[in-house]
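Visitor: got a structure for you, letters missing:
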């Protein structure tokens, strides 16, 4: 909220803004106006990063905290959890729809100051409502800092890197006696043979003594927590590419829309409202998810929820490939149409006979991809993460989204430097009609296909924790039986 308040001041007070009263729209677009002073940029970046830090604290925790409200012993726990993550993402989508419609309207009619101010007020109200419900919430026992426990395992494993599993000094793998784990809020986790190098952190040697330091000797449960976090990494890493595509759409598709007819009958939609359509498609898909998709897919897969979490992530990644491939096909047609009808130089002029609603195909497809991929990923990370590290699992999804934005920015810079020169414009030229956005979309398609193949391999190798626990119980019964 403090960050949004700071941005509101930046947009409202002339002190924080460079003087651009005499600057034309084209000059603004080309960046030929009076630049901001260094201290003005410092203030802007400070409040932007403050807002980012606040969002980083909210996003990983809000979904896992909401999921914590359900009782794991309930027979309907799985179905309730599945529905919660769908409705959670639905609420996020509704917020995005409001941002691209109501907030855009406020910005166009009343200015940036009131637009950002309305967001700051909305955040203040949401904070008040959240804290108002504090007595009603169900809380997990805090298990201490998860990052500290991870660091302890890594340090202990490094210290005992030369220890042998067959050493005469070996007592065994250390675990506290009884049914309860040493980590508060976490059940004991059975030992697995993955990442054997980390097992050395739990090697109990005679030299460790009676009360060893946790930076020298860790429990099996603590080591297995780190193993689980490592095994989870490939899945959210494969969703980074989806975030790259989403980030590119926010800029490239808007540039495309500027050259197209955005009239819907007598109503002309602002170009900045175009990104609302993925949100609308997400809203529609989530509304029909349980009445349409689940019954149909259940007949095919036999899965009670229609598809497993990893299957849903895979469906999302596959649909994102179709979306970006269609974007490449349509952009080639749009560019050829602009050149044929003498719009090559007039890249800010809308072509009246070519509708912007052709962009809805790629928008709707990417919306479908988001529903399956992101919702499936959130549920997967929550269920598979260790009991006392649920927020870390959710943070993986937020981190993948953030990395996607950074990679998109880096990719754009590389493409501009490699494909552009003094003699010819780059693929991402400011003049979309002389650039080659279609080539760039095909590049994203190829990268998405490669990423999808990596995901298929990672998903095939991954074993759900519930399956591993079942196998362990069967082995124990065979041994003791």
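Guide: Perfect, I can see it now. Everything quoted here is computed from the prediction, not taken from an experiment. Numbers count the residues shown, from 1 in each chain.

Visitor: Quick check: pLDDT value at residue 137.
Guide: The model reports residue 137 with a pLDDT of 82.

Visitor: Could you count how many residues lie near it?
Guide: When neighbours are counted by other CB atoms under 10 Å, residue 137 registers 11. Where C-beta positions appear, they are placed from N, C-alpha and C, glycine not excepted.

Visitor: Leaving out chain neighbours, which residue sits closest to it?
Guide: residue 69 (6.8 Å; CB to CB, 6 or more residues apart in numbering).

Visitor: quick one: that neighbour is in a strand?
Guide: No - Residue 69: not assigned to a strand; according to DSSP: H, G, I helix; E, B strand; the rest coil it is coil.

Visitor: Tell me how many other residues surround it.
Guide: Residue 69 has 12 nearby residues by other CB under 10 Å.

Visitor: Please apply the same query to the one 3 residues further on.
Guide: Under the neighbour criterion other CB under 10 Å, residue 72 is assigned a count of 10.

Visitor: which residues of the chain score low on pLDDT?
Guide: 20-22, 24-32, 34, 141-143, 168-169, 185, 467-481 (pLDDT under 70).

Visitor: In three-state terms, label the residue nearest to the spatial centre of it for me.
Guide: Compute the mean C-alpha point of the chain, and by CA atoms, centre = their mean the closest residue is residue 401, 3.3 Å away. With three-state DSSP as the basis, the three-state label of residue 401 is helix.

Visitor: Just confirm it contacts residue 243, I think it does.
Guide: Yes - contact criterion CB atoms under 8 Å: residue 401 and residue 243 qualify, at 4.8 Å.

Visitor: wait, what's in contact with the residue nearest to the centre of the chain?
Guide: residue 243 (CB atoms under 8 Å, 6 or more residues apart in numbering).

Visitor: distance of it from residue 374?
Guide: 8 Å (CB to CB, to the nearest Å).

Visitor: So which residues of the chain form strands?
Guide: Remark: strands assigned in the chain by DSSP state E are 170-173, 203-205, 260-261, 263-264, 267-268, 351-355.

Visitor: right, and the ones you listed - which one's nearest residue 450?
Guide: strand 260-261 (30.7 Å; CB to CB).

Visitor: Please name the strands paired to the closest one in the sheet, noting orientation.
Guide: strand 351-355 (parallel) (DSSP bridges).

Visitor: Pull out the buried residues from the partner strand.
Guide: Within strand 351-355, the residues that count as buried by 16 or more other CB atoms under 10 Å are 351, 354.

Visitor: what's it in contact with?
Guide: So strand 351-355 is contacted by 259, 260, 261, 334, 337, 338, 341, 343 (CB under 8 Å, 6+ apart).

Visitor: The first one touches residue 338, doesn't it?
Guide: Same thing as residue 259. Yes - with contact defined as CB under 8 Å, residue 259 reaches residue 338; the gap is 6.3 Å.

Visitor: Can you pull the residues that touch both of the two?
Guide: Joint contacts of residue 259 and residue 338 (CB under 8 Å, 6+ apart) are 347, 351, 433.

Visitor: Bridging across strands, which residues link to the second one?
Guide: The one in question is residue 351. residue 260.

Visitor: and the gap between it and residue 262?
Guide: 11 Å.

Visitor: same question, the first one
Guide: Residue 347 sits 15 Å away from residue 262, going by CB to CB.

Visitor: Check the gap between residue 326 and residue 362 for me.
Guide: The value you get for residue 326 to residue 362, if CB to CB is used, is 5 Å.

Visitor: cool, residue 449 as well?
Guide: The gap separating residue 449 from residue 362 is 16 Å, by CB to CB.

Visitor: Counting residues, name the longest helix you see in the chain.
Guide: Determined from DSSP state H, the single longest helix within the chain is helix 309-340.

Visitor: List the buried residues in stretch 273-291.
Guide: 273-283, 285-286, 289.

Visitor: same thing with stretch 438-450?
Guide: Residues 438, 439, 440, 441, 442, 443, 444, 445, 447, 448, 449 are the ones in stretch 438-450 that count as buried (16+ other CB under 10 Å).

Visitor: try stretch 220-230
Guide: Buried, per 16+ other CB under 10 Å, within stretch 220-230: 220, 221, 222, 223, 224, 225, 226, 227, 228, 229.

Visitor: any idea which of those residues is the one closest to residue 159?
Guide: residue 223 (13.6 Å).

Visitor: so the closest one touches residue 150, yeah?
Guide: No - if you go by CB under 8 Å, residue 223 and residue 150 don't touch, sitting 10.2 Å apart.

Visitor: Now residue 80: closest residue in space that isn't a chain neighbour?
Guide: The nearest residue in space to residue 80 (CB to CB, 6+ apart) is residue 70, at 5.0 Å.

Visitor: nope, residue 164 is what I was after
Guide: residue 170 (7.5 Å).

Visitor: so residue 242 makes contact with residue 319?
Guide: No - the pair residue 242 / residue 319 is not scored as a contact, 9.6 Å apart, by CB under 8 Å.

Visitor: Which one of these two is surrounded by more residues?
Guide: For residue 242 versus residue 319, the count of surrounding residues by other CB under 10 Å is larger for residue 242: 28 against 20.

Visitor: Identify the residues contacting the more buried one.
Guide: Applying CB under 8 Å, 6+ apart to residue 242 gives the contacts 316, 317, 320, 369, 370, 373, 374, 404, 448.

Visitor: Could you list the residues in contact with stretch 173-183?
Guide: Residues outside stretch 173-183 that contact it (CB under 8 Å, 6+ apart) are 143-144, 149, 187-189, 191, 199, 202-204, 217-222, 225, 387-388.

Visitor: Separate out the buried members of those residues.
Guide: 143, 149, 188-189, 191, 199, 202-204, 217-222, 225, 387-388.

Visitor: ok, now which ones touch residue 140?
Guide: 68, 185, 387, 388, 390.

Visitor: Mind telling me the two of those residues farthest from one another?
Guide: Using CB to CB, the contacts of residue 140 reach their maximum pairwise distance at 68 and 388, which is 11.4 Å.

Visitor: burial of residue 334, as a residue count?
Guide: Close neighbours of residue 334, defined as other CB under 10 Å, add up to 23.

Visitor: In helices, which of the buried residues of stretch 273-291 fall?
Guide: 276, 277, 278, 279, 280, 281, 282, 283, 285, 286.

Visitor: now these as TSV including distance to residue 356?
Guide: What follows is those, written out as TSV (distance: CB to CB, whole Å):
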residue	distance to residue 356
276	13
277	10
278	14
279	16
280	15
281	16
282	20
283	20
285	22
286	25
